[in-house]
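1. Just need the structure, nothing else, for what follows:
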Amino acid sequence: MKQTPETIVMLNFVCDDIQKIARAVRDKNIYTMVMPYTVSAERVNQEKPVGLIVCKDKTAPARDAELAKFKALNIPLVELEISDEASKSAAVEKAVDFCLNTCKCSGSWTMENFLEEAIKDIREQVGNETVVLGLSGGVDSSVVAALIHKAIGKQLTCVFVNHGLLRKNEAESVQEIFARNFDMNLVYVDASDRFLDKLKGVSDPEQKRKIIGKEFIEVFADAAAQTGAPFLGQGTIYPDILESIPLDGNPNGVIKSHHNVGGLPENLKFKLVEPVDCLFKDEVRKLGRLLGLPSELLDRHPFPGPSLGVRHIGAIERNTLHILREADAIVTEELLKSGWYHKTWQTFAIFVPVKTVGMKNHKRTYDYVIAIRSINSVDAVTAQVVRLPWELLDTMSNRIINEVDGVNRVVYDITQKPPGTIEWE
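-> Predicted structure coming up:
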């Protein structure tokens, strides 16, 4: 959104919890932006912030020179130092108090206001031109599709690309849902062989993400050639941006290159329309409800843009991708049957390219490992492990081992975020 009634800039002096603090401030309907301490004072000033919040980890270097450049802006500033759990809670309270009492924020940044401004911004940006949007059927792209469609109607063409990395029956179900719920231009492109051929032999997760992102843009270029659309709509959300910012000023220190951020080729032929790139995941869902999106879209588990490509560890082969797809379908089926699907935020299978010795049908086997991950989160910034019932995990494991050829062992991931990211790659 180009304009907000008031903005608080949070400056990250290497503080792992800064996004939690930002969310707490946003919960008071105060718009916040997170920027690294390496940002220039001029860039901060461009946002016309009513206040600055400096977030520090007690163990991090002082960086007095960097702090001085922000103090010189003569904007109300508060410093928060995080050392333990108690200080995290105190920091949040101090941040909210600073915004409300020192900066006199009115708390008028609501989803209703955002929706109104976003529609104006899209219309102003696009004018009479057309937009091509990559529709995955996930929450982010679906909300963006509905938002852009509300703003410009038939000027939007949604392109649903089957890149060969979708979940079981995903291509059919997404087309059915959008045909039933929306009056949109929808084009289906089956590019699965193109993607899988490009990914053959590639094991590095960053390289896989970049290949998927690059191919996605090129597929859109082909689709857009038929419409002449100069704009590309994307479902980039705020955590995607923040996790793509180098950590501690080190350009090699990004958490990950996001498919909507790091994978774009330099010769991009489209102008980007990214209307929710300042929203956290839960805010995107709120926006979707305002737009009238059905629960079957909004309440489904988040699914990454690179799809099973970041849930398949190592080089992707068609046979091992099939193993993952079948195992993941079993996990989802059992979650739905047990009533646990809507009690968890994301639960999915991961293919682990490690073979272990086992027994199957009274014979020795040497087959692959499937991991199951189940987490709860509000905004994808942090995630807590879900303690699924043992009986449910037992059922999932037995079904995967007995029904999916090539698997003889199932393990459960109990790592929170941080330190582990939600996806394994």
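2. Name the residue most distant from the centre of the chain?
-> No residue in the chain sits farther from the centre than His362, which is 43.6 Å out by CA atoms, centre = their mean.
3. Phi, psi for that one please.
-> The phi/psi pair for His362 (degrees, to the nearest 10) reads phi 60, psi 20.
4. how much space is there between the residue most central in space within the chain and Asn319?
-> Per CA atoms, centre = their mean, the C-alpha nearest to the average position across the chain is that of Asp240, at 5.5 Å. For Asp240, the distance to Asn319 equals 31 Å [CB to CB, to the nearest Å]. All C-beta atoms are positioned from the backbone trio N, CA, C, and that covers glycine.
5. And Thr38, by the same measure?
-> Thr38 sits 45 Å away from Asn319, going by CB to CB.
6. of those two, who's got more company?
-> Legend: neighbour count by other CB atoms under 10 Å for Thr38 and Asn319, higher for Thr38 (15 against 8).
7. residue contacts, Asp193?
-> Contacts for Asp193 (CB atoms under 8 Å, 6 or more residues apart in numbering) come out as Gly164.
8. pLDDT score assigned to it?
-> Here the pLDDT value assigned to Asp193 is 97.
9. begin at 31 from here
-> All set: I'll call the first residue 31, so the last point we hit is now Asp223.
10. Which helix or which strand is home to it?
-> If you go by DSSP states H and E, Asp223 is part of helix 222-229.
11. Can you point out the buried residues in that helix?
-> Going by neighbour count (16 or more other CB atoms under 10 Å), the buried part of helix 222-229 is 222, 224-226, 228-229.
12. got it, and stretch 122-142?
-> Neighbour-count burial for stretch 122-142, with 16+ other CB under 10 Å as criterion, is recorded at 122, 124-126, 128-129, 133, 135, 139, 141.
13. which stretches of the protein have low pLDDT?
-> 31-35, 273-298 (pLDDT under 70).
14. The same query, at a cut-off of 50, please.
-> 31-33, 277, 279-294 (pLDDT under 50).
15. Where do the helices of it begin and end?
-> Under the criterion DSSP state H, helices of the chain are mapped to 48-56, 71-76, 94-101, 115-127, 141-156, 169-182, 200-211, 222-229, 235-254, 268-273, 311-320, 325-328, 348-368, 420-433.
16. Just the C-alphas of the second one, formatted as PDB.
-> What follows is helix 71-76 as a C-alpha-only set of coordinates in PDB (Å, rounded to 0.1, in the frame of the first residue of the first chain):
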ATOM      1  CA  ALA A  71      18.700   7.100   7.000                       C
ATOM      2  CA  GLU A  72      17.400   8.600   3.700                       C
ATOM      3  CA  ARG A  73      15.500   5.400   2.900                       C
ATOM      4  CA  VAL A  74      13.900   5.400   6.400                       C
ATOM      5  CA  ASN A  75      12.900   9.000   6.000                       C
ATOM      6  CA  GLN A  76      11.200   8.300   2.700                       C
END
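17. counting contacts, what elements does it pack onto?
-> Secondary-structure packing of helix 71-76 (3 or more CB pairs under 8 Å, 6 or more residues apart in numbering; DSSP states H and E): helix 94-101.
18. How far does the helix it packs on sit from its chain's centre?
-> 32 Å (CA atoms, centre = their mean, to the nearest Å).
19. any idea how this structure splits into domains?
-> Using automatic domain parsing, the domain parsing of the chain gives 37-132, 141-328, 347-443.
20. would you list the ones you listed in TSV and tack on distance to Val340?
-> Shown next, in TSV, are those (distance: least, CB to CB, whole Å):
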stretch	distance to Val340
domain 37-132	21
domain 141-328	7
domain 347-443	9
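21. if we compare those, which one ends up closest to Trp454?
-> For the domains of the chain, distance to Trp454 was read as CB to CB. The smallest value, 5.1 Å, belongs to domain 347-443.
22. First-to-last residue distance for the closest one?
-> The first and last residues of domain 347-443 sit 23 Å apart, counting by CA to CA, to the nearest Å.
23. And stretch 64-73, by the same measure?
-> End-to-end span of stretch 64-73 (CA to CA): 12 Å.
24. Any buried residues in it, and which?
-> Result for stretch 64-73 [16+ other CB under 10 Å]: buried residues 64-67, 69.
25. related to what we said a few turns ago, output the buried residues of stretch 122-142 in JSON lines; the columns should cover distance to Val108.
-> Putting these into JSON lines (distance: CB to CB, whole Å) gives the following:
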{"residue": "Val122", "distance to Val108": "12"}
{"residue": "Lys124", "distance to Val108": "7"}
{"residue": "Ala125", "distance to Val108": "7"}
{"residue": "Val126", "distance to Val108": "11"}
{"residue": "Phe128", "distance to Val108": "4"}
{"residue": "Cys129", "distance to Val108": "9"}
{"residue": "Cys133", "distance to Val108": "9"}
{"residue": "Cys135", "distance to Val108": "13"}
{"residue": "Trp139", "distance to Val108": "19"}
{"residue": "Met141", "distance to Val108": "27"}
